[in-house]
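Q: Kindly generate the corresponding structure for this input.
(4 chains)
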2 protein chains.
Amino acid sequence: MRWEDLDREACSVARTLSVVGDRWTLLILRECFLSTRRFEEFETRLGIARHVLADRLKKLTEAGVLSKLAYQERPRREEYRLTEKGRDLYPVMMTLAQWGDKYMAGDAGPPLLRVHKPCGHVTVGALICSECGEPIAAHDVSVKLGPGAAEATLPAARKA
Amino acid sequence: MRWEDLDREACSVARTLSVVGDRWTLLILRECFLSTRRFEEFETRLGIARHVLADRLKKLTEAGVLSKLAYQERPRREEYRLTEKGRDLYPVMMTLAQWGDKYMAGDAGPPLLRVHKPCGHVTVGALICSECGEPIAAHDVSVKLGPGAAEATLPAARKA
DNA sequence: CAAGATGGGTTCCAAAAAAGAACCTGTCAA
DNA sequence: TTGACAGGTTCTTTTTTGGAACCCATCTTG
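A: Now for the predicted structure:
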């Protein structure tokens, strides 16, 4: 499979990865969620090659995940901000961060903590079922073909 | 920054991506969650080049995300299964899938639906605060330095 | 018993993507 | 008028991919 064909796969994970599954993109988005907005700032905080950064910011903007907003004219300077669509990637960021906190932090503990502002506590997000409110774990979930299934296929083990 | 240095970053997102942030790895894990287990099956379902697949499976095994289990001797054949550590990536998968369902599915709707087996309903996962039980959105969360902060830094906009 | 078939790889080469560094372009300030 | 700054673009070299071919041990079939 070609990477560019990924958005045509009948799989929402693959389609999402066609937008954010790039080596650098999720790190750029991490910075966005930490309020980094300017080219220079992304560059110095990430240590990314400039043309790779320029390319990713362009693609994210074209995908509607970021928007460019002028913060001054003459000389025109623009910054990149998350759109609603981009902000909706927060659960992905948070779950990635929490896995890293659990498995990659080592003895020192996690480098950053997240505070849920409405209640004021350091929080870890828990994934619950929209229908019954109980926590969701991998073994609690089965899949079935949805309306856009077209030619989606399941592995043999799941076909039962 | 070099990709191999990612696990030494003081950021749990970066550290997680050092394990799963590769172009193919999250797709391989998607297959694992769909119960794909054998080399051949990964290859045909993903259309991935064989040596890239072999490399990623090896790295995931070394990282403790997958384990190799012999399902027959003579000739010895092994399959790859998610470990506990791997299964803990499920929230990442689910949130990626849900973003794709919302933004990439188009008119046809999502290709796969997830059923919460304990309650029997088609479900979407919601991220809630472990402390107060309320939903978490990007604007509800602030960050602060944690015990393993060492040299973690926040962008200027967040330093306040 | 030789000739596939099967599962799970490895090796080779060409093409694509990334890293690193230098260069370009407005605009302002000294 | 010199230079600093933000935001890129253009070059060359190194790494990663994709694609196809090859390898190896064991069963199966004729």
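Q: Return the backbone torsion pair for A:H116.
A: When read as degrees, to the nearest 10, the backbone of A:H116 gives phi -80, psi 100.
Q: now it: how far from A:E134?
A: 20 Å (Cβ to Cβ, to the nearest Å). For the C-beta atoms, the positions are set from N, CA and C on the backbone; glycine is no exception.
Q: So the two - more neighbours on which side?
A: Set A:H116 next to A:E134 and count neighbours by other Cβ atoms under 10 Å in any protein chain shown: A:H116 wins out with 22 against 13.
Q: Measure how buried A:L6 is and give me the count.
A: What A:L6 shows, counting by other Cβ under 10 Å, is a neighbour count of 19.
Q: Next up, the contacts around the closest residue to it other than its chain neighbours.
A: Of all residues not flanking A:L6 in the chain, A:S18 sits nearest, at 3.9 Å (Cβ to Cβ, 6 or more residues apart in numbering or on different chains). Counting by Cβ atoms under 8 Å, 6 or more residues apart in numbering or on different chains, A:S18 makes contact with A:3-4, A:6-7, A:9, B:104.
Q: Please repeat the previous calculation with a cut-off of 10 Å.
A: A:3-9, A:63, B:100, B:104 (Cβ atoms under 10 Å, 6 or more residues apart in numbering or on different chains).
Q: As a check, name the ranges of all helices in chain A.
A: Along chain A, the stretches classed as helices by DSSP state H are A:12-20, A:25-33, A:39-46, A:50-62, A:84-87, A:90-103, A:156-159.
Q: okay if I get these as JSON lines plus distance to B:K85 and mean pLDDT?
A: Shown next, in JSON lines, are the helices of chain A (distance: least, Cβ to Cβ, whole Å; pLDDT from 0 to 100):
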{"stretch": "helix A:12-20", "distance to B:K85": "19", "mean pLDDT": "95"}
{"stretch": "helix A:25-33", "distance to B:K85": "20", "mean pLDDT": "96"}
{"stretch": "helix A:39-46", "distance to B:K85": "27", "mean pLDDT": "93"}
{"stretch": "helix A:50-62", "distance to B:K85": "29", "mean pLDDT": "95"}
{"stretch": "helix A:84-87", "distance to B:K85": "29", "mean pLDDT": "97"}
{"stretch": "helix A:90-103", "distance to B:K85": "6", "mean pLDDT": "98"}
{"stretch": "helix A:156-159", "distance to B:K85": "21", "mean pLDDT": "58"}
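Q: most tightly surrounded among those?
A: Most buried of the helices of chain A, by mean neighbour count (mean count of other Cβ atoms under 10 Å in any protein chain shown): helix A:12-20, with a mean of 25.
Q: now check it, is it near DNA strand C?
A: No - Helix A:12-20 is not in contact with DNA strand C by Cβ under 7 Å from any atom of the strand; minimum separation 12.1 Å.
Q: Name the residue most distant from the centre of chain A?
A: A:R74 (33.6 Å; Cα atoms, centre = their mean).
Q: For that residue, list the residues it contacts.
A: With Cβ under 10 Å, 6+ apart, A:R74 has no contacts at all.
Q: Nearest residue to A:A70 in space, ignoring adjacent ones along the chain?
A: Going by Cβ to Cβ, 6+ apart, A:A70 has A:E78 as its nearest residue, at 5.1 Å.
Q: And the closest residue in space to A:T16 that isn't next to it in sequence, how far from B:K68?
A: Once flanking residues are discounted, A:T16 sits nearest to B:G100: 3.9 Å by Cβ to Cβ, 6+ apart. Plainly put, B:G100 is 30 Å away from B:K68 if you go by Cβ to Cβ.
Q: what does A:G148 give?
A: For A:G148 relative to B:K68 (Cβ to Cβ), the value is 35 Å.
Q: Could you do A:H121 as well?
A: From A:H121 to B:K68 the distance is 41 Å (Cβ to Cβ).
Q: Next: A:L27.
A: Distance from A:L27 to B:K68, by Cβ to Cβ: 30 Å.
Q: what does A:R50 give?
A: On the measure of Cβ to Cβ, A:R50 and B:K68 end up 41 Å apart.
Q: And for A:T61?
A: Taking Cβ to Cβ, one finds A:T61 at 42 Å from B:K68.
Q: Among A:G148 and B:K68, which residue is more densely surrounded?
A: A:G148 (19 against 11).
Q: Could you find the closest non-adjacent residue to that one?
A: B:A108 (3.4 Å).
Q: which residues sit in contact with the one you found?
A: B:A108 touches A:10, A:146-150, counting by Cβ under 10 Å, 6+ apart.
Q: Then A:C129?
A: Contacts of A:C129 (Cβ under 10 Å, 6+ apart): A:135-136, A:140-141, B:114-119, B:121-126.
Q: I appreciate the help and will end here.
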